[in-house]
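**Student:** whatever this is, show me its structure:
(chains A, B and C)
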Amino acid sequence: MARMKFVCDAERCIECNGCVTACKNENEVPWGVNRRRVVTLNDGVPGEKSISVACMHCSDAPCMAVCPVNCFYRTDEGVVLHDKDICIGCGYCSYACPFGAPQFPSQGTFGVRGKMDKCTFCAGGPEANGSQAEFEKYGRNRLAEGKLPACAEMCSTKALLAGDGDMVADIFRNRVVKRGKGAEVWGWGTAYGSRQAGQPAGAKS
Amino acid sequence: MVAGRFDLEPRAAADRGTRNGERGRLSSPTGARLNVQAMVTERVGPDTVWMPFHFSGRWQGADMLAYYPSGAAPIVRGEAVNTATTYGYDAVTMMQESKTTICNVEKA
Amino acid sequence: MKKALVIVAAATLLAACGERVQTMGAAVKPGSAAFNGTGKAFVDPGWKQGDKTSWESHLRARGDNSQNEYSRVN
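**Tutor:** Model prediction:
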């Protein structure tokens, strides 16, 4: 059973923003919304690391939990989607999300938020797959076309991996074994200081 | 990270009293005087600035917004850096030789 | 005075009787699953629209081809 996941290999990310551009172009994202962003730490100094962040399609999504009108749903593949027709633009999901994934367009008059827009894993929304209505509201439905999200397919260094969780984990594990270290900016080691392969003892891995 | 900008090293920025986001004036031997927003970063060395090309909307410091048809102005307006780049051009495309232009940076 | 108090108390206690139900109607109806395809020919070739296993294996193969270079080098 495919369980869709994103993994960004911070060791390979070069902050080219190709993923950002690919997403914006493929989905015709409204002005003011950046479904995917690249975050860079230690910009310019040795040890600079970048990571590409979008909706993580959480198993226990906070956005889904706080929505007052229940406009979110999860597909069988684990992709968290929402219905823009039900969305009232309250912004609770935006407050709840730790990644800042739900965003609102900037072009509303008097600061009206409009409908929430977020990364859909290129899986569209409740409208008919591949229809014009679905494209206008949610962007391209690439999963229904048998393709993977545009950001991952466009990544120049293949830092951003997307697809079935098992496949993505295999690819990443292969890389970690081959080069001897993981991503060094996320994971258990970074959070709790445990040793990863090749790291000196006690270092922030 | 604004796109129409130039990158300035922190020490160079401090020498000129320029903070991140403030405007700086770049002048080069071609006579160009560009007014661009500064991004203070350690990406460049203390004696180097970096600027992207393919921007327009400002000309030698003046904002060209009034000259665009209404609704057609680029949202991000920056200076055209090729007014400042010095000699050295590709024979076919006339693209500037990169990384060879000298310029003076001061607070705008 | 006491009668007025009784009336006010009664009005307060019975205030909720006239309220209308505020629950929403049906929740969001999820769209068609991705493996059903789009029904058009403009899709990636190599899998059958509507067939879940075909779709999954096609995506896995596509991911391996496009994102994993270790299967081809080194």
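**Student:** near chain B, which residues of chain A are found?
**Tutor:** Residues of chain A lying close to chain B by Cβ under 8 Å from any Cβ of the partner chain are A:Asp43, A:Gly44, A:Val45. C-beta coordinates here come from the backbone N, C-alpha and C atoms, glycine included.
**Student:** ignore the last one, chain C
**Tutor:** Where proximity means Cβ under 8 Å from any Cβ, chain C presents no interface facing chain B.
**Student:** for chain C, which helix is longest?
**Tutor:** As assigned by DSSP state H, the longest helix anywhere in chain C is helix C:52-67.
**Student:** please save the CA atoms from that helix in PDB.
**Tutor:** Presented in PDB, the C-alpha positions along helix C:52-67 are these (Å, rounded to 0.1, in the frame of the first residue of the first chain):
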ATOM      1  CA  LYS C  52      -4.300   0.200  -8.000                       C
ATOM      2  CA  THR C  53      -1.400  -2.200  -8.100                       C
ATOM      3  CA  SER C  54      -0.500  -1.100 -11.600                       C
ATOM      4  CA  TRP C  55      -0.400   2.500 -10.400                       C
ATOM      5  CA  GLU C  56       1.600   1.700  -7.300                       C
ATOM      6  CA  SER C  57       4.200  -0.300  -9.100                       C
ATOM      7  CA  HIS C  58       4.400   2.300 -11.900                       C
ATOM      8  CA  LEU C  59       5.000   5.100  -9.300                       C
ATOM      9  CA  ARG C  60       7.700   3.000  -7.600                       C
ATOM     10  CA  ALA C  61       9.500   2.300 -10.800                       C
ATOM     11  CA  ARG C  62       9.300   6.000 -11.800                       C
ATOM     12  CA  GLY C  63      10.600   7.100  -8.500                       C
ATOM     13  CA  ASP C  64      13.500   4.600  -8.700                       C
ATOM     14  CA  ASN C  65      14.400   5.700 -12.200                       C
ATOM     15  CA  SER C  66      14.200   9.500 -11.500                       C
ATOM     16  CA  GLN C  67      15.400   9.800  -8.000                       C
END
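**Student:** tell me the buried residues in that helix?
**Tutor:** Residues of helix C:52-67 classed as buried by neighbour count (16 or more other Cβ atoms under 10 Å in any protein chain shown): C:Ser54, C:Trp55, C:Glu56, C:His58, C:Leu59, C:Arg60, C:Arg62, C:Gly63, C:Asp64, C:Ser66, C:Gln67.
**Student:** residues near residue 47, how many?
**Tutor:** Picking chain A for this. Applying other Cβ atoms under 10 Å in any protein chain shown, we find 8 residues neighbouring A:Gly47.
**Student:** to clarify, I was referring to chain B.
**Tutor:** A count of nearby residues for B:Asp47, using other Cβ under 10 Å, gives 8.
**Student:** residues contacting it?
**Tutor:** Going by Cβ atoms under 8 Å, 6 or more residues apart in numbering or on different chains, B:Asp47 touches B:Glu9, B:Ala12.
**Student:** again with B:Thr83
**Tutor:** Shown in contact with B:Thr83 (Cβ under 8 Å, 6+ apart): B:Thr30, B:Ala32, B:Leu34, B:Gln60.
**Student:** any idea how far the first one is from A:Lys137?
**Tutor:** Okay, so that is B:Thr30. From B:Thr30 across to A:Lys137, the span is 49 Å (Cβ to Cβ, to the nearest Å).
**Student:** between those two, tell me which one has more neighbours.
**Tutor:** Between B:Thr30 and A:Lys137, A:Lys137 has the larger neighbour count (other Cβ under 10 Å), namely 18 against 14.
**Student:** what mean pLDDT does the helix or strand hosting that one have?
**Tutor:** Following DSSP states H and E, one finds A:Lys137 within helix A:132-138. Here helix A:132-138 scores 93 as its mean pLDDT.
**Student:** contact partners of whatever helix or strand comes next after that helix?
**Tutor:** Note on helix A:132-138: by DSSP H and E, the next helix or strand toward the C-terminus is helix A:150-154. For helix A:150-154, the surrounding residues in contact (Cβ under 8 Å, 6+ apart) are A:6, A:18-23, A:25-27, A:36, A:52, A:54, A:122, A:140, A:142, A:147, A:160-163, C:66-67.
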